[in-house]
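Novice: Quick one: sequence and predicted model below, then my questions.
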Amino acid sequence: MLSRRSALLGAFSSCVTFPQCSWAQPNSVAATDKPETVTILRVQRRNIEVNGKTASVLGIRQPDGAPGLVTEVGRRFRVRVDNELDAPTLIHWHGLTPPWRQDGVPGISGPPISPGASAEYDFPLRFGGTFWMHSHEGLQEQSLLAAPLIIRDGRNPPGQQEATIMLADFSFTPPEQIYAELRKRRAAPGPRSAEPGAANESAVPRPDLNDVRYDAFLANDRTLADPESIRVEPGEPILLRVINSSCMSAYHVDLGALSGELIAVDGFSVRPVSGQRFPIAVAQRLDILIKVPRGPAVFPVLAILEGERRQTGVSLVAGRAPVTRIPETAPTPSPALTLNLESRLRATKPLAKRKPDRIHHIDLTGDMNGYVWSINGVAWNKEVPPLAVAEGERVELVLKNKTRMSHPMHLHGHQFQVVEIDGKRFSGAVRDTILVTPGRRVVVAFDANNPGWWAFHCHLLYHQAAGMFATVRYI
Ligand SMILES: [Cu+2]
């Protein structure tokens, strides 16, 4: 099904649901969007402006310019991906559960799409939520080859306002050079040096956070020098769908003067948690419901880089209110992400209670020195045996982080439930990406119900590239 050159170019109409290329989407799908429609997604080069300079990046857009895809639960995911790049690519549908051949991981689910070729996808959408799509080929994700994938469902009342906020880390340094510089950092004693992209400002040893020094942090492709203004209706609720499409950066989402309710993580509902700040690791998503106060005002929604003051974000503009400049640094550095919120989350629809049929012990291993990252001491290569599971089993993955960095671990083709942190069992969130912080032990459980061969890896792009990658295979 993949990589066949489409002879049908032009025979499909694209799923044009929205009049302009906008990140804030109206809450309805146009009546012309029949279930049979094939949505065309073009993988292409595009320009954005960052820090006053033009940046050539990649993107996934529909023919009308809309990034990614907004659809509805119960429909089929009928998509044709056109590779308009001059390099191979393959797009992964992060958080969805397609047949494994349509999962978009080169070398696992199938070959990449050659330049000028297309691939077709067709599978049912059995659940809704906030998902995303991104390249799983090489380091393309660092060139912003990612887009939202929103599946509306009964949790979204008709007419409710919503906005998608996609976070990204950006560097003018080519990703291959960033990676090469990270790999060169071999066993340097004492404080870290040779930060890719910039000089190290401090001689004080720091915790292992943010090992790439980025030029900018983007929300919907823009920095706070020129943030997106999202018009909102005063006095009405708005659903924020926050997607962390960054390659290496975690944030604290800061609602400023607003408070919100976290109602879903990685697309799946949790018992609402009220708050003003919520952590988001790489590849995770947060659905936050906010009641916009009455009266005109501007509400910045910020994402503050973990361990630092640098921030990005958007403005919610309620009524006729003057827009003011938002600083690109927060008054104080934020802390590193912890598992405090994770341990408080409770799934509204947990997995059925069941003893595991199979338990895999997975040590997250490696070191900043030499930039070696691995699973159970083995950096990924094609010879590494998969983690075996069998259809119908309840499987538990016991994740132990033996390193000094946090790792957001992502399982393809399944959702899992967080069922234990450091020996304490609980009925945690159902999700697809779990942060495991240094020294901690986190157990996730899933039902083996999607036969095939699936990736399981750290979602930090350069950790994955360095070998913190494994596979799960049905036997
Ligand atoms: Cu990692």
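Specialist: Good, I have the coordinates. Residues are numbered from 1 along each chain as shown.
Novice: Relative to residue 49, how far out is the residue positioned nearest the centre of the chain?
Specialist: Closest to where the C-alpha atoms of the chain average out (C-alpha atoms, centre = their mean) is residue 283, at 2.5 Å. Distance of residue 283 to residue 49, computed by C-beta to C-beta, to the nearest Å: 26 Å. For glycine as for every other residue, the C-beta is placed from the backbone atoms N, C-alpha and C.
Novice: Check residue 175 too.
Specialist: For residue 175 relative to residue 49 (C-beta to C-beta), the value is 19 Å.
Novice: okay, these two: which has more neighbours?
Specialist: Higher neighbour count among residue 175 and residue 49: residue 175, with 19 against 13, using other C-beta atoms under 10 Å.
Novice: What are the phi and psi values at that one?
Specialist: phi -60, psi -40 (degrees, to the nearest 10).
Novice: Go ahead and confirm it touches residue 144.
Specialist: No - the criterion here is C-beta atoms under 8 Å, and residue 175 misses it with residue 144 at 10.5 Å.
Novice: how about the residue in the stretch 1-150 of the chain that the ion sits nearest to, secondary structure?
Specialist: Nearest residue of the stretch 1-150 of the chain to the ion, counting by C-beta to the ion: residue 141, 14.1 Å away. Secondary structure for residue 141, judged by DSSP: H, G, I helix; E, B strand; the rest coil, is helix.
Novice: Now do the contacts for it.
Specialist: Applying C-beta atoms under 8 Å, 6 or more residues apart in numbering to residue 141 gives the contacts 134-135, 245, 247, 461.
Novice: With residue 148 instead?
Specialist: Residue 148 sits in contact with 23, 67-70, 130-133, 164, 166, 241, 243, where contact means C-beta under 8 Å, 6+ apart.
Novice: and residue 56, what helix or strand is that in?
Specialist: strand 53-61 (DSSP states H and E).
Novice: Name the nearest residue to residue 83, ignoring sequence neighbours.
Specialist: residue 113 (4.2 Å; C-beta to C-beta, 6 or more residues apart in numbering).
Novice: residue in the stretch 101-250 of the chain nearest to the ion?
Specialist: Here the stretch 101-250 of the chain gets closest to the ion at one residue, residue 248, 9.0 Å apart by C-beta to the ion.
Novice: For residue 254, which non-adjacent residue is spatially closest?
Specialist: Here the residue nearest residue 254, using C-beta to C-beta, 6+ apart, is residue 302, at 4.4 Å.
Novice: Pretty sure that neighbour sits against residue 310.
Specialist: No - using C-beta under 8 Å, residue 302 makes no contact with residue 310, being 10.5 Å away.
Novice: quick one: which of the contacts of residue 148 is nearest residue 83?
Specialist: residue 133 (13.7 Å; C-beta to C-beta).
Novice: CA atoms of the helix or strand containing the closest one as PDB?
Specialist: Assigned by DSSP H and E, residue 133 belongs to strand 129-135. The C-alpha atoms that make up strand 129-135 are tabulated as PDB, following Å, rounded to 0.1, in the frame of the first residue of the first chain:
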ATOM      1  CA  GLY A 129      -8.500  13.400  20.500                       C
ATOM      2  CA  THR A 130      -5.500  15.600  20.000                       C
ATOM      3  CA  PHE A 131      -2.900  13.800  18.000                       C
ATOM      4  CA  TRP A 132      -0.200  14.800  15.500                       C
ATOM      5  CA  MET A 133       1.800  13.700  12.600                       C
ATOM      6  CA  HIS A 134       5.500  13.900  11.900                       C
ATOM      7  CA  SER A 135       8.300  12.500   9.800                       C
END
